[in-house]
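Undergrad: Task: produce atomic coordinates for the following.
(one chain, ligands or ions: 1)
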Amino acid sequence: MIKFENVKKEFESVEAVQGVSGTIEKGSIYGLLGSNGAGKTTLMKILAGIYKEDSGSVTVDNQPVFENVELKQKLIFIPDVLYFFPQTTIRQAANFYRDTYTAWNEERFQKLYHVFNMSPKKKIQRLSKGMQRQVAFWLTLSAMPDILLMDEPLDGLDAVMRQKVKNLLIEDVAERDMTILISSHNLQEVEDLCDHIGILHKGELLFEKDLDDLKSDVHKVQLAFKGDIPQALLEKLDLLYEEKRGSVLLCIVKGKEERISSLVKQYSPVIFDMLPLTLEEIFIYEMGGVGYAAENLLV
Ligand SMILES: Nc1ncnc2c1ncn2[C@@H]1O[C@H](COP(=O)(O)OP(=O)(O)OP(=O)(O)O)[C@@H](O)[C@H]1O
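TA: Next comes the predicted model:
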């Protein structure tokens, strides 16, 4: 379990992370979302023990992470911009990982050759950007980390490779309880992979929630009635957003599906559709709530 409490980090005059607290449970896939410059990379680097927090505490399985060599053998951070030693071949990099990570699994490395299909003799820096990212996953998955932190992890991978890598990640979570933290702007991908979501904005965590709870608590509703829209109904609904299009009211309503449905039906609507919001819509709405423009949200 990763636990961070009141973590702060400042760069010169920029307060990149401002008193953030949270927990990432073992075996969970946690999606860290946020606007550009929100502090996601900074927080991830603190959780990975790359940066030292200015104040607050970060522990992984109850141990501080910064400069903790033993812990770092079980934790891998894949950054958005990859770095490999110059002139290194895939095999040489694998040897380096084998000597660094005690759980290195040579059999798995050999097996994954059939997924990534590149000669280990290839020099990594001569490979394309997407191929280099494949190498990063090949090495990481063979090192069998307990904790994997990734910044924009699937960027640059083609659609087939994305699916293969996602399956491998999910397999590791299911089979050996690996914990994953992902930061990505690709919300569809986060929605597919993650079970928990945290949204950072201007260095602060707006909230963290189970994805299913988050999605079952907000709905996109379309309503129309024979006459005017009954005001009494609107007052009873917990409306987060509304937009009138002709005689149809499009709105975002907070609350459980059953409660919204039974309330609306009391007023005999002629049109009544209710859909869950996508993570992308939830994100845009939440960002709107903190003053990040969210116009024409409904489509
Ligand atoms: N090494 C650094 N030196 C100075 N300022 C930094 C440094 N790293 C990050 N910052 C600043 O801290 C803030 C948060 O940056 P960070 O990279 O953590 O954001 P992010 O959420 O990952 O953004 P993005 O989604 O655009 O990648 C920004 O204002 C950034 O300019």
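Undergrad: drop to CA atoms for contacts and neighbour counts, all remaining ones
TA: OK.
Undergrad: Just the CA coordinates for the lowest-mean-pLDDT helix or strand in the chain, please, in CSV.
TA: Across the helices and strands of the chain, the lowest-confidence element by mean pLDDT, DSSP states H and E is helix 279-289, at a mean of 82. Provided in CSV are the C-alpha atoms of helix 279-289 (Å, rounded to 0.1, in the frame of the first residue of the first chain):
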residue,chain,number,x,y,z
LEU,A,279,-14.8,9.4,-17.2
GLU,A,280,-13.9,12.2,-19.7
GLU,A,281,-17.3,13.9,-19.0
ILE,A,282,-16.8,13.5,-15.2
PHE,A,283,-13.4,15.0,-15.5
ILE,A,284,-14.6,17.9,-17.6
TYR,A,285,-17.4,18.6,-15.2
GLU,A,286,-15.2,18.3,-12.1
MET,A,287,-12.7,20.7,-13.6
GLY,A,288,-15.5,23.1,-14.5
GLY,A,289,-16.4,23.0,-10.8
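Undergrad: List the residues that contact Leu47.
TA: 2, 4, 58, 65 (Cα atoms under 8 Å, 6 or more residues apart in numbering).
Undergrad: Relative to Ala38, which of the residues you listed is nearest.
TA: Phe4 (17.0 Å; Cα to Cα).
Undergrad: Verify the contact between the closest one and Gly19 for me.
TA: No - using Cα atoms under 8 Å, Phe4 is not in contact with Gly19, being 9.6 Å away.
Undergrad: Neighbour count: those two, which is higher?
TA: Taking other Cα atoms under 10 Å, Phe4 and Gly19 do not tie; Phe4 has more neighbours (21 against 17).
Undergrad: what residues are up against the more buried one?
TA: 20-23, 47, 56-59.
Undergrad: ditto for Ala174
TA: Counting by Cα under 8 Å, 6+ apart, the residues that Ala174 touches are Gly27.
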